[in-house]
Each structure stands twice: as structure tokens, then as C-alpha cells.
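**Student:** here is my input; please provide its structure:
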Amino acid sequence: MELEESTKISEELICFLEGTSLGTNGAKYTHLDVRDRIGQTDNPKSYSLKRNTQIIANVTFCIRDFAYYVRYFAFHPIYQSTSRMKPRNRSNSIVQEKLMQVFDDLNKVNNLPFYAYIDDDNSRSKEMSMRFGFEKHTQIITRSYSRIYPGKSKRVSFSEDWSEISKMVRQQYGHYDAYFETHIQHPPFVVLRDGDGNIEAFARFTLVKWRLHRLPGFFGAALVRILPFIPFLRSLIKPKKHLFLAPDIVSQGVDSNKIEALFSGALALYNVHSMIWFVDPNDHAYKGLSKKLRWGLLDKIIGVKKVNVISRNAVKKYQAKHPFFVSAYDLI
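**Tutor:** Numbers count the residues shown, from 1 in each chain. Presented below is the predicted three-dimensional model:
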């Protein structure tokens, strides 16, 4: 086996990642926009393990000022057929040893912590992360907002100007744990303006494309198969090509009616019917909205799901007064 190191994302790696399905016990899906998204990887450092010139495993990091973010950690299907790699399988042991050395070597170069996200239902990834020395740092949630007929509003529009909202963003999010601006500075932004053109609320969204193999819950696999035949639901979820929004930042301290107008207006602007908000439950925007916002039909069906933030060599413990900053890019 050969370990190949690179600061560039090769065509071979893109093809490998495009064929990787994510999830196990809960939702299971494939990213349809890997090729576009991977080009946005900030300061990448990639390690591909090859056997007979073919990639069998890859770990790619985003090297940030405060940590190494584990952007991709993928294995060829023959190494992920079960939730537990059997110790007696020599090939599996070699794969683990070589990838473990990657983490150790990076630690020697820059003594930074590592962090990643794992679905709370994903038993295979949770067990694997423990083997690589990761521990649970905190937990975020996913919350669905949906509208069958998103309400258009002349007050909601795109903005290309980061300077319009940058001061507010830094005041509201700058003290968050793991805050960084690499992705949130990129337009477009969605803003709600008053009659004089002043910004009343703002958000930044990423448009996401997934192929859904199953949804969370006991009937998740069956539901994906019958969705195209269910009125209303078939407009909200399209398994073969499901498009939705994921917010990075949402303005804080804003009336729920204005945020609802902002969210529905954003759905209309992007011509989609739903969004998934990956958020720390202690996030100030979410806390002010969680019980007031009319979340929609998908929220009733899917409910609130949990995602673990895991870390290795963390330098500090989680504190509720410093919520964990969740960049949507890291989860999609």
C-alpha cells in the first residue's frame, strides 16, 4: 500500500468521493455536487491510500488557524461493509495504521486539535472515530424548514455586498467557538429590507444537491421509494435529486415573523422548497426562534436530529456561552 500526500485535489480523488455514500443507520445519501464543492476546500491537505494504483481510503483536511478540520474521511466499500473492522483482517489493520500515522505526523507539524462531524445515528463512524482518538466535544442539531409554496416578497432579495453585513456578523458570531469567515464572506447573501432599504434581517445559504437512499427513521428506506407518489411530499423531497438550502449565518435578535419572511423568501429566490439548518442549540439566533417559527411539514416528519462534534487533542472544553460555529460548507 502506498500513501500519497497532496495539497491539490486530483481528478482520481474526485471520482472516488463522488461514488461514496454517507450515513448508515439513519439517513443515507450521496452528494451530487462533490465536483463543484471540492473546489471550495480551504487550504486542503489530502492523503490517499492506494492499493494497485487505486484509491482505497482518503482523509482530507482543511488546515485552519485554530484546528485541522476533517473534511473527507472515506473508504472503499470493501472496508466499510460492517460497522466494525475485524482485527484479524490484516488489510484493514494496515489501512488504520497508515491513516493513524497521518494524524500523528500532522500533530508534530502544527500542534493543532482536529475536529469533525458525525451523525449521532452513525454507529460505524462513531466506533471508527474512537479508534482514531476522537472524543465527543459537543452536539449540534439539524432542523428542517419547508414550504410547499414559498412566499415571495419584494422585500427579500440577494445582496453581493459582504460589507453590508460584515460588522453585524462579527458582532453576533465573532465570539463563537471555531468561528471563521472563509466561506461566509462569499456572496450571495439574502437580506430582508424595510421600506427605506435598510437591512432588517440577513442570512447566507448554500444550495445543496443530494441523492437520498433512505431517510431517518424505521421506515426511512420505504419512504424514499414511495415519496414520488405522495401528493405534497413529492414536491418537498425528490430522492433522485433533492435540492435544499443550508444556512451558515442567520441574523440574531430578529422577530420570528421577519425571519420566516426571510426564510420563505430565500426558498423562493433559490426555487427550492426546504432548508436544513445545522446549528448549535445554544446558537443565539436558533434559541430565539426554535419555539416561535412555523417550521413546516418536513419538520413534523423528520423531527430534530443530532450530530456529534468530535475532536482530537482539544485545547478547551465546550461552553454554552460560546456556541460552536457551524459552517454549512463543512456538513454538505
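**Student:** C-alpha from now on. contacts and neighbour counts both.
**Tutor:** OK.
**Student:** give me the three-state assignment for the closest residue in space to residue 258 that isn't next to it in sequence.
**Tutor:** Counting by CA to CA, 6 or more residues apart in numbering, residue 201 is the residue found nearest to residue 258 once chain neighbours are left out, at 7.0 Å. Here residue 201 is recorded as strand under DSSP: H, G, I helix; E, B strand; the rest coil.
**Student:** residue 201 reaches residue 259, doesn't it?
**Tutor:** Yes - if you go by CA atoms under 8 Å, residue 201 and residue 259 touch, sitting 6.8 Å apart.
**Student:** pLDDT below threshold where in the chain?
**Tutor:** 21-26, 78-92, 216-220 (pLDDT under 70).
**Student:** domain-wise, how is it divided?
**Tutor:** The chain breaks down by automatic domain parsing into domains covering 2-116, 142-331.
**Student:** deepest-packed of these, please.
**Tutor:** Mean neighbour count (mean count of other CA atoms under 10 Å) peaks for domain 142-331 among the domains of the chain, with a mean of 18.
**Student:** so where do the strands sit in the stretch 1-150 of the chain?
**Tutor:** Along the stretch 1-150 of the chain, counting by DSSP state E, counting those that start in this stretch, strands occupy 2-6, 28-31, 44-51, 54-63, 68-75, 114-119, 135-146.
**Student:** TSV for the ones you listed, including distance to residue 318?
**Tutor:** Formatted as TSV, those follow (distance: least, CA to CA, whole Å):
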stretch	distance to residue 318
strand 2-6	32
strand 28-31	29
strand 44-51	26
strand 54-63	21
strand 68-75	17
strand 114-119	13
strand 135-146	7
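**Student:** nearest to residue 295 among those would be which one?
**Tutor:** Nearest to residue 295, of all the strands of the stretch 1-150 of the chain, is strand 135-146, at 4.7 Å by CA to CA.
**Student:** determine the longest helix present in this protein.
**Tutor:** Secondary structure of the chain per DSSP state H: the longest helix is helix 90-109.
**Student:** just the angle between it and strand 44-51, please?
**Tutor:** 150 degrees (axes from the mean of the first three to the mean of the last three CA atoms, to 10 degrees).
**Student:** what helix or strand does the closest residue to residue 253 other than its chain neighbours sit in?
**Tutor:** Sequence neighbours aside, residue 285 is the residue nearest to residue 253 in space, at 6.5 Å (criterion: CA to CA, 6+ apart). Assignment of secondary structure by DSSP states H and E places residue 285 within helix 284-289.
**Student:** what about the residue of the chain most remote from its centre, distance to residue 155?
**Tutor:** When distances are taken from the C-alpha mean of the chain, residue 196 lies farthest, 35.6 Å away, according to CA atoms, centre = their mean. According to CA to CA, to the nearest Å, residue 196 stands 10 Å off from residue 155.
**Student:** shared neighbours of these two, anything?
**Tutor:** Counting by CA atoms under 8 Å, 6 or more residues apart in numbering, no residue touches both residue 196 and residue 155.
**Student:** and the helices in this structure, which stretches?
**Tutor:** Under the criterion DSSP H, the chain carries helices at the ranges 11-18, 34-38, 90-109, 123-131, 166-173, 220-226, 233-236, 256-270, 284-289, 297-302.
**Student:** got these as TSV, with distance to residue 321 columns?
**Tutor:** Converted to TSV, those look like this (distance: least, CA to CA, whole Å):
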stretch	distance to residue 321
helix 11-18	37
helix 34-38	32
helix 90-109	28
helix 123-131	27
helix 166-173	11
helix 220-226	36
helix 233-236	35
helix 256-270	22
helix 284-289	9
helix 297-302	27
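**Student:** fine by me, thanks again.
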